[in-house]
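Enquirer: generate coordinates for the sequence data below:
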Amino acid sequence: MIFFENKICYNQNKLSVKKSKTDLSVDALAKRVFETAANHKAISLKLLDLSGYCDYSDYFLVMSATSERHSRSLADAILEASKVKSSDIEGYQSGQWILLDLGDIIVHIFVDSARDHYNFDKLWGHVPSVYDNTEKKNPSPSTHASILA
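Expert: As a prediction, the model looks like this:
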């Protein structure tokens with residue numbers, strides 16, 4: 001795939017330019033965020049390639065946390081590692097479902113009960129996965145070497 005710093009997006013018949021929130025390429029940012037989540041013990045990681053399916057993001061990174069405290073810790077680590085200039089955050093206080101808008105990458109951090117309740121994986125099941133270890137509960141960092149390589 002080819003990624004550009006400024007993407008042209010069509011939204012409600014209006015032409016808009018989507019600005020990158022970081023100096024990294026989209027693929028480099030996706031890799032950094034993915035590796036950070038894996039290194040901080042996120043479980044059931046899934047990286048979805050949204051290109052061609054929606055105009056507001058290129059990737060969804062979906063993961064589960066063992067507790068609300070763990071989900072907030074994951075969010076903090078991802079925000080620090082991504083070095084985005086600004087980000088929108090939803091759900092941080094409750095920690096059940098935290099959404100981080102990093103521009104071209106949207107990160108969803110769930111506790112297992114919330115992920116099961118909203119059935120997020122089935123909702124976006126038609127979108128191709130770059131990486132999916134939802135069958136494995138605890139991935140080893142060495143399995144992530146080929147992500148977006």
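
Enquirer: apart from its neighbours in sequence, what residue is nearest Arg72?
Expert: Excluding the flanking residues, the one nearest Arg72 by Cβ to Cβ, 6 or more residues apart in numbering is Gly95, at 5.1 Å. To be clear about C-beta, it is placed using only N, CA and C from the backbone, and glycine gets the same treatment.

Enquirer: make that Leu99, sorry
Expert: Leaving aside its sequence neighbours, Leu99 is closest to Glu90 (4.3 Å, by Cβ to Cβ, 6+ apart).

Enquirer: pretty sure that neighbour is touching Val107, no?
Expert: No - counting by Cβ atoms under 8 Å, Glu90 sits too far from Val107 to count as a contact (10.8 Å).

Enquirer: neighbour count winner among those two?
Expert: Relative neighbour count places Val107 above the other of Glu90 and Val107, with 27 against 12, counting by other Cβ atoms under 10 Å.

Enquirer: need the overlap of contacts for Glu90 and Val107.
Expert: Residues within reach of Glu90 and of Val107 at once, by Cβ atoms under 8 Å, 6 or more residues apart in numbering, are Ile98, Leu99.

Enquirer: show me the contacts for the residue nearest to Arg72.
Expert: Here Gly95 is in contact with Ala65, Ser67, Glu68, Arg69, Ser71, Arg72, Val111 (criterion: Cβ under 8 Å, 6+ apart).

Enquirer: helix/strand/coil for it?
Expert: Each residue gets one of three states, and Gly95 gets coil by DSSP: H, G, I helix; E, B strand; the rest coil.

Enquirer: cool, and Arg115?
Expert: Arg115 falls in the helix class when you classify it by three-state DSSP.

Enquirer: and it, how many neighbours does it have?
Expert: Every residue meeting other Cβ under 10 Å relative to Arg115 is counted, giving 21.

Enquirer: and the closest residue to it other than its chain neighbours, bridged to which residues?
Expert: In space, not counting the residues next to it along the chain, Arg115 is nearest to Ser64; the distance is 5.5 Å by Cβ to Cβ, 6+ apart. When bridges are taken as DSSP bridges, the partners of Ser64 come out as Ile43, Phe110.

Enquirer: Ser64 and Lys85, how far apart?
Expert: Distance, Ser64 to Lys85, by Cβ to Cβ, to the nearest Å: 28 Å.
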